[in-house]
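A.B. asks: with the sequence up front, the predicted model follows.
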Amino acid sequence: MIRSLRRWALPLAVLALAASGPPVAAHADPEPEQIVNGTFDTTTDPWWHTGNTTFELDAGRLCATVPGGTVNPWDVIIGVNDIPLVRDDTYAFGFTASADPAKVAKALVQLPVDPYTQYLSATPELSVSGNAYAYTFTSPVSLPDAQVVFQLGGSATPWRFCLDDVTLRGGAEPEVYVPDTGPRVRVNQVAYLPKGPKDATLVTEATGPLPWRLANSGGTVVASGSTVPRGVDASSGQNVHSIGFGAYTKAGTGYTLTADGQTSRPFDIGGGAYESLRADALKFYYTQRSGIEILDSLRPGYGRPAGHLRAAPNQGDTDVPCQPGVCDYSLDVSGGWYDAGDHGKYVVNGGISVAQLMGEFERTKNAVTARPGRLGDSTLAIPESGNKVPDILDEARWEQEFLLRMQVPAGKPYAGMAHHKVHDQNWTGLPLLPHLDPQARELHPVSTAATLNLAAAAAQAARVFAPYDPAFAARNLTAARDAWAAARAHPAVYASASDGTGGGTYDDGDVTDEFYWAAAELFVTTGEKEFQDAVLASPHHTADIWTPRGFGWQSTAALGRLDLATVPNDLPGRAGVRASVLAGADEYLATLKAHPYGLPYDPAENTYDWGSSSQVLNNMVVMAAAYDISGRAKYRDGVLEGLGYLLGRNALNQSYVTGYGEVASHNQHSRWYAHQLNADLPNPPKGSLAGGPNSGIQDPKAQALLRGCAPQFCYVDDIESWSTNELTVNWNAPLSWISAFVADQGDGTAPVPGACAVTYTTHGRWPGGSTTQVTVRNTGSKAVSGWTLKWSFLGGQKAAGAWSAALTQDAATVTAKDLGWNATIRPGGSVTFGFTGVSAPGADPAPDLVTLNGAACAV
Ligand code: 9MR
């Protein structure tokens, strides 16, 4: 796999430039290995090839079919870059290789640029059965970035080359990478809510309690106490203590915490930062958009031409054929968001991302603490701002329209299914702005996972867009039904795990969870028996789906369960579904309480996932949903404490969100936010989440620096570390969901429940309409004089006529006001009013959340 053909002169910490290597003496330790991945166990990275061949990983070897009809040896090359050489040092170079049919190749260690001076030139005679080859040479130069290349061209006929165990020993020991982790007191570097929990971690050798002091920005000590020793933390390998200072509640900026002679990075006590993070985490999506010019006026410093339309050198996404042999048509699959730092667009990942954005919006209808206006129109500075549709939905629609385009048209084989992905034919290097990508784009085969993902997202879109654009909602519902039927007809079409040239695979061999999620969304939207039956029959409906690693693109059951629990619907046994979310949250809370860094994430094998930041966040989403369901403060506090890890309370003492925290990730792997490679390009915008520690360290940068890392240390803020430091649409989605949740908590004061109880009863239903009666009872001890009752319809219902109240409706939100004569509700007394409604297609469930004069009533 080639991620980066073009290399850049970077100050690499690992490169030893000293020319004074020790003489090659007989000593027990082997000379240092300079080839990062010569064994090809799981990847061919960072090896590259000329465009006329491709790599295959074959039983732990790198293999390639060498084309015939070339003239010179250098017409076909396989190589690896950035090999440091030390002048006058002697090197042992070796490899095993085979050729079928037998061939003579050239193996070179050389200067990577013209005149390509060769320090070693060998001509191994390769056989079909394969041989091991060994050479020595003394380097005449010191060079940070020599190349090892195999020149394979010059054959009239094609042949197959396989390579393994490439080794180059000698030269200087690679420098040991030691990250700068600053002071040993680790805090949420952004902000603690005044009325919320406040926890920090101290890294120390001490085993007994130590004193701590909290100081305000003037240096005055405002609180103090003793640390709690927690022993050695497995996720970091550090001996740690915890510090709790939640009793201090005064808002302010520039606080510091001191213990064991170390003073933390500064932080605020206040909620304001989360209001900006709510917007920034969502604004991330506009600059990820494909197929539209990014306006510099809306995102100063980030303007760029539209990507992947037809303008050269782009070949464009407007008329994309399938991979050879996959289909006989081409589709307009323009638009949508780029997945990550690459230019690929993947249905399963786009689907979960757009679903979480729509879920963030839907939460404003169903959660007591939600502040709907904060996600309203004109909150995100996007081209659609001002169109009277909440900006978060406009942004979601940009992706949703793309997902619909990925569906196979009627009349074609697999009609109704979704193509798994569209991306470049080959991997491109960095940097590369979207509009400059010259690669051909290809549609990849359909998959059941992508089809169900589309069904779920489209079913959800059908209800959330209904009040704003009934035609778009109806289009989504049709697409969702078609996708569901197509997935039922083709239940086991899996994306290939080896289809990873030019884009990620996103392969998934178990789609039972996608069936559950799609059924759940279709049921919530339509209320229909077929989907209810599918939900109730799914093993995921009753299983403990709250695994330590959490949910994501490969395990989607939680998305279904959470919506069944939080969005109004009349599923039999719904109380049990809601209780199961609390049970899951209790598991994550227990993990968090046991973890000295306060993470609701502690996989049993003590290995962190690719994109672990998002797994932490998704586990927090479960706790947040439990808070929305139950109002129990412990769940909300779990979310607030978990957020601290992402914003600085961690082993690396850094925030994983660009622009938030004193020291924060800012060199995420991206082809267009590539400031680290080209000073004319920007860093990622503020509010961009880095994937975070990944025990797999699949990229060569991380492998060179981090081998043997404890989980929390498996991260480097370097643009080349695509396995620890990328940014993606599916990682910013839970960041945005959680930052909205946290911003909604204000200063952390728990909402006071209203002294009211509401019964909402739909008495009559006929095709297209219904009649509903609402009774509001005053359960408090004071009279209510003058009342305003609010709720949101779930879909596109309209209140048509009312009695005993004045009803107005704005999109889904209904406001009912007293008529003067019934303005007073005495303690224990009640008022009743009613209305007729016009039903939208789909279910018409009673709203979960009704507020009286701004406070939530029991329903
Ligand atoms: O996020 C994905 C992670 O879960 C997988 O383990 C990994 C390897 O398949 O791929 C990650 O997704 C990448 C995708 O394949 C291509 N675009 C960038 C994504 C983030 O690194």
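C.D. replies: Thanks, I have it. Residues are numbered from 1 along each chain as shown.

A.B. asks: need the nearest residue in space to Cys201, chain neighbours excluded.
C.D. replies: No Cys there; residue 201 is Thr. The shortest distance from Thr201 to any non-neighbouring residue, by C-beta to C-beta, 6 or more residues apart in numbering, is to Arg186 (4.5 Å). Bear in mind the C-beta positions are built from the backbone N, C-alpha and C, glycine included.

A.B. asks: pretty sure the one you found sits against Leu652.
C.D. replies: No: at 9.0 Å, Arg186 does not count as touching Leu652 under the criterion of C-beta atoms under 8 Å.

A.B. asks: before we move on, back to that, who's in contact with the residue nearest to Thr201?
C.D. replies: Listed by C-beta atoms under 8 Å, 6 or more residues apart in numbering, the contact partners of Arg186 are 200-203, 264, 597, 648-651, 653.

A.B. asks: among these, which are in strands?
C.D. replies: Counted as lying in strands by DSSP state E, out of the contacts of Arg186, are 200-203.

A.B. asks: let me know the closest of these to the ligand.
C.D. replies: Relative to the ligand, the closest of the ones in strands among the contacts of Arg186 is Thr201; by C-beta to the nearest ligand atom it sits at 27.4 Å.

A.B. asks: contacting residues for Tyr516?
C.D. replies: Applying C-beta under 8 Å, 6+ apart, we find Tyr516 in contact with 534-535, 538, 540-541, 556-557, 560-561.

A.B. asks: distance of Val831 from the ligand?
C.D. replies: 53 Å (C-beta to the nearest ligand atom, to the nearest Å).

A.B. asks: what's the answer for Gly598, then?
C.D. replies: 24 Å.

A.B. asks: which residues touch that residue?
C.D. replies: Going by C-beta under 8 Å, 6+ apart, Gly598 touches 199, 201, 242, 592, 641-642, 644-645, 649.

A.B. asks: out of those, what pair is the most spread apart?
C.D. replies: The span of the contacts of Gly598, defined through C-beta to C-beta, is set by Ser242 and Gly642 at 14.3 Å.

A.B. asks: and the residue in the chain that the ligand sits nearest to, how many neighbours?
C.D. replies: Closest residue of the chain to the ligand, C-beta to the nearest ligand atom: Gly504 (1.7 Å). As a burial measure, Gly504 scores 17 neighbours (other C-beta atoms under 10 Å).

A.B. asks: sec struct for it, please.
C.D. replies: coil (DSSP: H, G, I helix; E, B strand; the rest coil).

A.B. asks: tell me where the stretch 301-450 of the chain has helices.
C.D. replies: Counting by DSSP state H, counting those that start in this stretch, the stretch 301-450 of the chain has helices at residues 347-366, 391-405, 448-464.

A.B. asks: now do the domain split for this structure, please.
C.D. replies: The chain is divided into the following domains under automatic domain parsing: 48-170, 185-272, 273-744, 756-856.

A.B. asks: show the end-to-end separation of the second one, please.
C.D. replies: Domain 185-272 has an end-to-end distance of 23 Å (criterion: C-alpha to C-alpha, to the nearest Å).
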